[in-house]
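>>> Could you work out the structure for the sequence below:
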Amino acid sequence: MLIGILCGLATCALWGLSFVAPRVVAPYTAIDLTVARYGLFAVVSLILMINPRFRPVGLRRSLVLTGIALGSIGYVGYFMSISYAVRYAGTAIPPLAIGTMPVLLAIIANLKDRSIDWRTLAIPLILIAAGIGWVNVSIFATTSASDQPEILFGIVAALIGLALWVAYGMMSAAVMQSQDAPSVMHWTALQGIGAGIGALVLLPFTSLGETVSFTGTQTFHFVLWATIMGIAGSWLATLCWMIASRLLPLALAAQLIVAETVFGLFYGFLFEQRMPTVAEAGGAILQLIGVGMAIAIFTAKRVKHA
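Reported below is the predicted structural model:
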């Protein structure tokens, strides 16, 4: 279990880079970074398939199609959503939105089996809502009316990213814990191919067809970050997450996503070279306390019935 937890935390640290990478590579666009990142993810996966142990052979067709679809929609769709969320809503809101994922998964599970009384969850859910609301209200209060529609668009993009992450996490974990689960190497390779296909679809929308000139420094930063996000933030992070998904129950693996919130906020404030505002810090603390309480409630319930 320790290996699974460490792999999960490593994944969160790498995926947390997604909350700052689109801003670092500017004036290159989010689509530019998406295509480069996931194109490289696919290339790495294909190169590794030269070695037979990395080739996803002998798998059911439905399993192969599921892996490719998860890589295409889950990765490309999620990263595009987060990229636009960060661009329009800023540093604090997107990580906090994604940080609600563990509780959202727990709520979905509770809707199915009604294992916990909703009144027990009232306090942590109120804290989570208050934390996110505090940050949102403070950001809206300090921006002009003309900029508020952009922030609202960023919030919607973050919620779309959250929905995609929940769907991806549940489906991928279900496959990894099934009786005929593929190896983590094979599952990572399939998702890499899927991510590459999704990147190809976006290729016509990149800056390649535009008369845009970039400086040498800007291009260097773009290539550097595309490489980091393609190899470390995609291939390695996916491999680590598949290991965590196999070794840990989904409920526990999902709880680790709280760490992605922390890493995302840290990277964002580090990039902006500033400390969080009172509202950002207070809102994040309230949300993390609420998530922690909800996790403790569901964990205690599972231990009691074990």
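>>> Next, Thr142: phi, psi?
Per-residue torsions, Thr142: phi -100, psi 10 (degrees, to the nearest 10).
>>> Numbering from 257 from now on, please.
Happy to do that; since the first residue is 257 now, the last one works out to Thr398.
>>> how many neighbours does the residue nearest to Ile484 when sequence neighbours are not counted have?
What sits nearest to Ile484 in space, not counting adjacent residues and going by Cβ to Cβ, 6 or more residues apart in numbering, is Leu273, at 7.1 Å. The C-beta positions use only the backbone N, C-alpha and C, and glycine is treated the same way. Neighbours of Leu273 under the rule other Cβ atoms under 10 Å: 18.
>>> ditto for Met432
21.
>>> In contact with the closest residue to it other than its chain neighbours, which residues?
What sits nearest to Met432 in space, not counting adjacent residues and going by Cβ to Cβ, 6+ apart, is Ser501, at 4.3 Å. With contact taken as Cβ atoms under 8 Å, 6 or more residues apart in numbering, Ser501 is in contact with 428-429, 432-433, 509.
>>> Can you show me the helices along the stretch 407-556 of the chain?
440-458, 472-483, 493-503, 506-511, 513-528, 534-561 (DSSP state H, counting those that start in this stretch).
>>> Let me know the angle separating the first one from helix 493-503.
It refers to helix 440-458. Angle of helix 440-458 versus helix 493-503, following axes from the mean of the first three to the mean of the last three Cα atoms, to 10 degrees, is 140 degrees.
>>> Next: the last one.
For helix 534-561 and helix 493-503, the angle between their directions (the same axes, to 10 degrees) works out to 30 degrees.
>>> What residues of helix 534-561 count as buried?
Of all the residues in helix 534-561, those buried under the rule 16 or more other Cβ atoms under 10 Å are 535-540, 542-544, 546-547, 549-551, 553-554.
>>> can you count the residues close to His442?
22.
>>> Which residue, other than its chain neighbours, is closest to it?
Using Cβ to Cβ, 6+ apart, the closest residue to His442 is Pro312 (3.8 Å).
>>> three-state assignment of that neighbour?
Three-state assignment for Pro312 (DSSP: H, G, I helix; E, B strand; the rest coil): coil.
>>> List the contacts of it.
Per Cβ under 8 Å, 6+ apart, neighbours of Pro312: 320, 323, 438, 442-443, 445-446.
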